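Here's a sequence, model it:
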Amino acid sequence: MHDGILTKVSECQLGAGGLRQARTAICQFLQDGCLVLDDFLTDKEVEELRKAADELIQDIPTESHKSVFSTTEAQQRKDKYFLDSSDKVSYFFEGGAVDENGELLVEPKIALNKMGHALHWLNPIFKKYTFCEKVKETCFQLGLVDPVVVQSMYIFKNPGVGSEVIAHQDATFLYTEPVKLVGFWIALDDVTLENGCLWYASGSHLSGVHRRYTRNPDPNSEELLIYNAPAPSYPTSNFQPICVSKGACVLIHGQVVHRSEANKSERSRHAYTFHVVDMNGTTYSPENWLQPNPDQPFPEVYKN
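Next up is the predicted model:
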């Protein structure tokens, strides 16, 4: 496993040697575009997040809109439920889990693709860990001056049905000028090649933002969301896997290209992820699909 920033941070207090190690970790992140922080959460903390997710599943309204989420299909481009989910806890299902009448074909715990996009603010357990001291210290060590949380998701990647996530950059969806976007991806299961680990292209964050996913300016179009360019083609050989133990946090630069395979194993690969933008000298694009509710602006990391 990789050494993490938080280990280095505690060592910083011991003198110049620790400070050098912390700088090495930051340099690795800036060079590669990803960094693993092992043991970011304890087993007990992981179980608290999983329990909170289970309770949210039990609370799905029986008449809840059955929205399918897929990175390989275009359903959500026409889905107002998806578009309006920035300030809610919304539920998104795997393709094939919902029939033509909007009824679930399997139990929700298996059918769900993810929950999002305001878990970090509306659920007390997810809020507790999103704004915990470890997150604040990590943001500080990364040099983020005014970090805010723009979205959060609980990703299920259930055994046998958890779908592929195609190669993408987070800045495609959460664009800022300049790009100051970091993803926190926390493993709530042991993550392996078999159950759909992350893969990333080291150094790909140095090549700019390859395309944008924005609100459609055409009010007469059925497509509420559009890409401004075709999907780029990325050689498979460019990617390397990130296999981690539960409790690890993977820091993901907003421009690094990453993906994950479908979960074809018999074990789950749950993860909690949220995205942080440093708003210091930064403009969050009004064209982004996700926009803050005027009554609920993006919450500041250091003040919560």
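
can you pull out the helices in the stretch 51-200 of the chain?
Assignment of helices within the stretch 51-200 of the chain using DSSP state H, counting those that start in this stretch yields the ranges 80-83, 108-111, 119-122, 124-130, 133-141.

Quick check: buried residues in the last one?
It stands for helix 133-141. Within helix 133-141, the residues scored as buried using 16 or more other Cβ atoms under 10 Å are 134-136, 138-139, 141. Every C-beta, even on glycine, is put in place using the N, C-alpha and C of the backbone.

Of the helices of the stretch 51-200 of the chain, which is nearest D32?
The closest of the helices of the stretch 51-200 of the chain to D32 is helix 133-141. By Cβ to Cβ, the value is 16.1 Å.

Packing partners of the closest one?
Helices and strands touching helix 133-141, as assessed by 3 or more Cβ pairs under 8 Å, 6 or more residues apart in numbering; DSSP states H and E, comprise helix 5-12, strand 181-187.

now the longest one: mean pLDDT?
Averaging pLDDT along helix 5-12 yields 36.

The helices of the stretch 51-200 of the chain: which one's closest to L30?
Distances from L30 to each of these were compared using Cβ to Cβ; the minimum, 12.1 Å, belongs to helix 133-141.

quick one, that closest one and strand 181-187 angle?
With axes from the mean of the first three to the mean of the last three Cα atoms, to 10 degrees defining the directions, helix 133-141 sits at 150 degrees from strand 181-187.

want to throw the helices of the stretch 51-200 of the chain into TSV with mean pLDDT and distance to T192?
Output for these, formatted as TSV (pLDDT from 0 to 100; distance: least, Cβ to Cβ, whole Å):
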stretch	mean pLDDT	distance to T192
helix 80-83	84	30
helix 108-111	82	20
helix 119-122	98	25
helix 124-130	98	23
helix 133-141	94	24
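
so the residue positioned nearest the centre of the chain is in which element?
Per Cα atoms, centre = their mean, the C-alpha nearest to the average position across the chain is that of T273, at 3.8 Å. Assigning secondary structure by DSSP states H and E places T273 in strand 271-278.

Following the chain past that strand, name the next helix or strand.
Using DSSP H and E, the helix or strand that follows strand 271-278 towards the C-terminus is strand 283-284.
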